[in-house]
Structure formats: structure tokens, C-alpha cells
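In: Return atomic coordinates for the entry below.
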Amino acid sequence: MSGQKTNEKSGEGEDWLLPEENRDHLRGLFAEMREPLSLEVFTKDGQNDSYNEAVVRFMRDLDRLGDKVKVLFHKIGEGRAEKLKVFRSPTILIEPDKYPIRYTGAPLGEEARTFIGTIMLVSRGVSGLSELSLALLSSLDETRHVRVFVSPACPYCPGQAANALKAAIARPGLVSAEVVETGENRELTVKYQAHSVPLTVINETFRQKGFYPEERFILELVGLKPSEELIGKAKAEAGIGEETTEVDVVVVGAGPSGLTAAMYAERSGLKAVVLEKGVVGGQVALTPEVENYPGFKRIGGIQLMELIAGQARQYCQVREGEEVREVKINERIEAVTDRAAYKAKALILATGAASRKLGVPGEKKFFGRGVSVCASCDGWNYKDKNVIMIGGGNTALTEALYLKNIGVNVTVVHRRDSFRAEERLQESLAREGVPALMNTVVKEFIGHETGLTSVRLEDVNTGEQKEMPVSGAFVAIGWIPNSKLAAGIGVKLDEAGYIAADRSMRTNVPRVYACGDVIGGVRQIVTAVGGGATAAVSLFEDISNPYWRK
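Out: A predicted model of the protein is given here:
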């Protein structure tokens, strides 16, 4: 079927891969396309056959959803593939005669949204980059090839992939973008040590680990060096001043607590903005499956956060990739980011908590090269391989079950003689046959340049040590509150570093409220949502009747 286009556009009676509701949504999107475009699909028999089949079916579906999408199918090794230097199956190129954009691997899972979004941007002939990013990118005068390594379940990968794709749309003569699915391209994954995703490699030498705010990504793309300290200078050189936005409430953090707080504030008649340094979802987005949130017997963490975020966006602006660098408290509270300054009557801190590290030899050295804190992000790279899950709480057992489900050989390592996790999770672990090493701690992570190869374990009762060969290790031993911003403005913290808030979510600093995991206590989605609602209601009452002026 080389170079052949599917002929049937109606799709009546055809076998669809996409569910009907997805097809209806995409039909509506494609109807808004300004210009038609071509998608070229390259496959090779015997190489990732199951993914080839999925890609072909997916692309045939897209071809049948409108007249503005033209899909061509080619075989690797033939003329078109040789001309465009396509050697891996499956590969998808978007309008390749105009834009150097390719997907090496199937754009399934979380990447499907980025793929569709890129199609829409290319059709409109716009990059979607901010004014600052375009100004920074205008100074580029050398070629850049960007590879972003991703996995289907990674919640942070789509944002980083979008950064690279938008840059390629904006400067197609200088920037090329490639999104590489790690599970289908093990050779590349090993070569670039992309065991933790997203990983971005620019011009084979410069690396970015994790999801970057757009402006920071562009600045490092241009300069090929770390850029946090250069953003302010770059803005001045580009002639772009600091934007000041007036709102009633600034919410820092877009997890379930922060998003709920913003919704309740808006419903009280207050204008709110949510500022999130990464992507929406917080720790919930990293949870493979949620089974204890009312109204849902079982739902993926990412899916749940998409529902909450979608509802929040109907009320207020949610700005991802925008980290609050500084807070100033005067007559108005001012939250300063790399993009703007936000002046508000009140501030809600919903900054969450970060994964705690073991602090043993080798952990830092092999982090991202075998050591991980996110099973949903990196688990796909360890199918049929031996890994350990370190911890004994709900998170550790939930992620161990997720790894087992996707074909990873996982063993739980716990320092005590019994788990702290819910009884239901313990029963599931036993039912699935996941082995556990109790009364055992990790003393050292061992490996070489290509990554982790083993861990040194110690029996806490006998002191006996042994070395266990593993390809990966996932750490889930608790949390450290993200309270640095709060401490900087005089908010009181408890001995563990959590923000001290009363039952109304008030802190000791007037007009500053806190909710969610950053205040400690019961770390559950339902309590985070309740705390967010309480903070917004308290804030509304206080603005109406300022207690601090009495």
C-alpha cells in the first residue's frame, strides 16, 4: 500500500479504532482546520507489528473524519522513506514537505492529544508559542534537532513534546522535532539513557530532564545551556516588559485542591487565576488508578484530573508551566513569575508535596537512569525486566500493582515487618503474586554508565547484606511538603515543614491560605478537594469582613 491513500471517507460500516464520541469530537476539530495537510505513515513488516497495526488503524480513522486530512501510507525501504530518511517503524510525518516534524512510534495514550493539537497548529500555520518565546526563538541562527523521549502513560511528556513541536512549526528551516516512544524504540532508549521520561536531547549533546516551562525550553534550545538565570535578561533584550495582571485571588498549584479552590472562588464572584509550574494534576496525575474517589468505582488518575481541570477552566484561567518565583505582601499581594506579575487581594497556596528520597549512595547518580519516583511515567521502559518498588504505603503498593499489570517483574522492598497500606491493597498484592522483601532496606544503588544494574540490600534484623540484580528501582517512601514559597513570606510551618493552617485553611499571615498536601494530615483526593473549597469560602468571608483589621 505504498503511497496509497485510503479511499473511503464516510466510514459507514467500517471497523473503527476510535470510539464514536472521539470521532465526533475530532470531526468538529477538523472542520475548523484552515488548510488541508498530509500525514505520511511509514511501516515495516516484522518491526513493532502490533504498533504498526494500531497506527494504521488510527490513521485510517483520521483519514475518514474529514476532507482536510490526507493520509498516505508507505513501506520503509522504498523511495519516499529513503528520501525522507525514515528507517524506524512505525513513523508518522506531518506535512513533511514543509515541516520537519516526526513521531517515531505510535502517538497513543497521552501523546494522542499532542499529536492532534500539532495537526491543528500546522493547519492554521501558527506555532502556538507565546510572544516571549517567539522573540527568543527569532535570535536562533543555527540548526537544532530536538528529540523528546516519551511513554504513553507519562503525564508530563505531552507538554514537553509540544514545546519541541511548536518550535519546529515556528522555525521549520532551523528546528526539527522528533517525538520518540521509548517502548517501541529500545535501541534509542538505551543509547540516550532515556529510562526516565520525558527526556529531551538537543543536537545530540544538550539534555533536559522533565517538563520545562515553554520560555525556559526555548531559551535553552537557542543557547544550549541552562537558562533560569537568563530569562529576565532575555526579556529585557527582547523589549518585552513585565505584564501585570489584576485578579482577586492567586492560586498556586493546579492539583485537585488548587483547582477546586479556584472554582469556588469564581463561584463566589471573585476573579481567580491558577499558576502551576508543571502540568495540572499534582500527584494524582501520577496515580495509575484511583478507586476511592466518590462517584467513580475506578478511574485513572490522569483522567480524573482532566475532568477536574476541564471544569476549572470553564471558570478561570489555569496557566501551566508558570512557576511563582516570588511573593510580595503589601497593600496587594503580588505573585511574580517569569511571564508576569499578578496582583491580588488574597493568595491560596496549594503547592503540594514532592517525593522523599532515600539519600543512599548511587541514588542521585542513577536517578533517571534506573532510579525513578514515577511508575506511570517510566514503567513502560521496564516490561519483562526486574525492578523493585521501595516503600510500604498506599502509593508504593498501588504503583507495584500497576507495574505488575503492564508486564514488569516487580518486587516490593519494605523496611518494616508489615505494610502501612490499606488492607485492600495488601490483599491485591498477595492475589497478584507480587513478592515482597520485608524488614529490608536499600543501602546502595549500583551500576555503570548505561544505568542501574543492581541494588545492595540489608536485612534490618540480622545486618546481612546481599546484592540483587535489577534494571530499575522505584522509590515511594513518603513526601516532603513544597513549602519554601510559604516560608519566604513568613507563613508558619510545623516541625515537618508542612504549612500550619487552621480548620478554615487560614495561615498566620492575613490573606494567605493553604490547602491540600502542603498542609499535611490525611493525604487523600477528597480531603484536598474539601480543603480547597474551604479555603475559597474562608477567603470570600474574610474579604467581605477583614478580621485582621479589627
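
In: okay, CA-based contacts and neighbour counts for the rest of this
Out: Will do.

In: three-state assignment of the closest residue to residue 378 other than its chain neighbours?
Out: Here the nearest residue to residue 378 in space, its sequence neighbours aside, is residue 196; by C-alpha to C-alpha, 6 or more residues apart in numbering that works out to 5.4 Å. Using DSSP: H, G, I helix; E, B strand; the rest coil, the structure places residue 196 in coil.

In: Can you report how many residues neighbour residue 196?
Out: Applying other C-alpha atoms under 10 Å, we find 28 other residues in the vicinity of residue 196.

In: likewise the one 3 residues further on?
Out: By the criterion of other C-alpha under 10 Å, residue 199 has 24 neighbours.

In: ok so, going back, please report the distance of the residue nearest to residue 378 from residue 189.
Out: In this structure, residue 196 and residue 189 are separated by 10 Å, where distance is defined by C-alpha to C-alpha, to the nearest Å.

In: So which residue is dead centre in this protein?
Out: The central residue of the chain, meaning the one whose C-alpha is nearest the mean C-alpha position (C-alpha atoms, centre = their mean), is residue 156 at 1.5 Å.

In: Run a quick check on it versus residue 198, I expect a contact.
Out: Yes - at 6.7 Å, residue 156 counts as touching residue 198 under the criterion of C-alpha atoms under 8 Å.

In: Now do the shared contacts for those two.
Out: Common contacts of residue 156 and residue 198, defined by C-alpha atoms under 8 Å, 6 or more residues apart in numbering, comprise 210, 211.

In: tell me the contacts of the nearest residue to residue 82 once chain neighbours are set aside?
Out: Counting by C-alpha to C-alpha, 6+ apart, residue 82 lies nearest to residue 76, which is 7.6 Å off, once chain neighbours are set aside. Counting by C-alpha under 8 Å, 6+ apart, residue 76 touches 42, 43, 44, 82, 86, 87, 88, 89.

In: any idea how far residue 47 is from residue 76?
Out: Between residue 76 and residue 47 the computed distance is 10 Å (C-alpha to C-alpha).

In: and for those two, which residues touch both?
Out: Taking C-alpha under 8 Å, 6+ apart as the contact criterion, the common neighbours of residue 76 and residue 47 are residue 89.

In: outside of the helix or strand residue 59 falls within, which residues touch it?
Out: Here residue 59, judged by DSSP states H and E, is contained in helix 49-63. If you take C-alpha under 8 Å, 6+ apart as the criterion, helix 49-63 is touched by 6, 9, 16-18, 41, 43-44, 69-71, 89-90, 105-107, 184.

In: Give me the buried subset of those.
Out: With neighbours counted using 16 or more other C-alpha atoms under 10 Å, those contain these buried positions: 6, 17, 41, 43-44, 69-71, 89-90, 105-107, 184.

In: Can I get those residues in CSV including distance to residue 422 and pLDDT?
Out: Output for the buried ones among the contacts of helix 49-63, formatted as CSV (distance: C-alpha to C-alpha, whole Å; pLDDT from 0 to 100):
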residue, distance to residue 422, pLDDT
6, 52, 45
17, 37, 90
41, 47, 98
43, 46, 97
44, 47, 96
69, 49, 95
70, 51, 95
71, 49, 97
89, 43, 97
90, 42, 97
105, 38, 96
106, 37, 94
107, 36, 93
184, 35, 92
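
In: Now those in TSV, please, with extra columns for secondary structure and distance to residue 485.
Out: As requested, the buried ones among the contacts of helix 49-63 are arranged in TSV below (DSSP: H, G, I helix; E, B strand; the rest coil; distance: C-alpha to C-alpha, whole Å):
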residue	secondary structure	distance to residue 485
6	coil	55
17	coil	46
41	strand	47
43	strand	50
44	coil	52
69	strand	47
70	strand	50
71	strand	49
89	coil	46
90	coil	45
105	coil	40
106	coil	40
107	coil	37
184	helix	40
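
In: Between those residues, which sits nearest residue 339?
Out: Taking C-alpha to C-alpha as the measure, residue 107 is the one of the buried ones among the contacts of helix 49-63 closest to residue 339, at 30.6 Å.

In: Nearest residue to the closest one in space, ignoring adjacent ones along the chain?
Out: Leaving out its chain neighbours, the residue that sits closest to residue 107 by C-alpha to C-alpha, 6+ apart is residue 115, at 6.6 Å.

In: can you tell me the helix or strand for the one you found?
Out: In the assignment (DSSP H and E), residue 115 maps to helix 111-124.

In: mind checking how far that helix is from the chain centre?
Out: In terms of C-alpha atoms, centre = their mean, to the nearest Å, the centre of helix 111-124 is set 17 Å apart from its chain centre.

In: Dump the C-alpha coordinates for that helix into CSV.
Out: C-alpha atoms of helix 111-124 as CSV (Å, rounded to 0.1, in the frame of the first residue of the first chain):
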residue,chain,number,x,y,z
GLU,A,111,0.6,11.6,23.2
ALA,A,112,-2.5,11.4,21.0
ARG,A,113,-3.7,14.8,22.3
THR,A,114,-0.4,16.4,21.4
PHE,A,115,-0.4,14.8,18.0
ILE,A,116,-3.9,16.1,17.2
GLY,A,117,-3.0,19.5,18.6
THR,A,118,0.0,19.7,16.3
ILE,A,119,-2.2,18.8,13.3
MET,A,120,-4.4,21.8,14.2
LEU,A,121,-1.5,24.2,14.6
VAL,A,122,0.1,23.1,11.3
SER,A,123,-3.3,23.6,9.5
ARG,A,124,-3.6,27.1,10.9
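
In: buried residues in it?
Out: Along helix 111-124, the positions that meet the burial threshold by neighbour count (16+ other C-alpha under 10 Å) are 111, 114, 115, 117, 118, 119, 120, 121, 122, 123.

In: Same question for stretch 481-501.
Out: For stretch 481-501, using 16+ other C-alpha under 10 Å, the buried residues are 481-483, 485-486, 491-493, 497-501.

In: any chance of the residues you listed in CSV, plus pLDDT?
Out: Compiled in CSV, the buried residues of stretch 481-501 are given as follows (pLDDT from 0 to 100):
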residue, pLDDT
481, 96
482, 96
483, 97
485, 97
486, 97
491, 97
492, 98
493, 97
497, 96
498, 97
499, 97
500, 97
501, 97
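
In: Just the ones of the residues you listed in helices?
Out: Using DSSP state H, 485, 486 are the members of the buried residues of stretch 481-501 that sit in helices.

In: Cross-check the contact I'm expecting between the residue nearest to residue 378 and residue 366.
Out: No - taking contacts as C-alpha under 8 Å, residue 196 lies outside contact range of residue 366: 10.3 Å.
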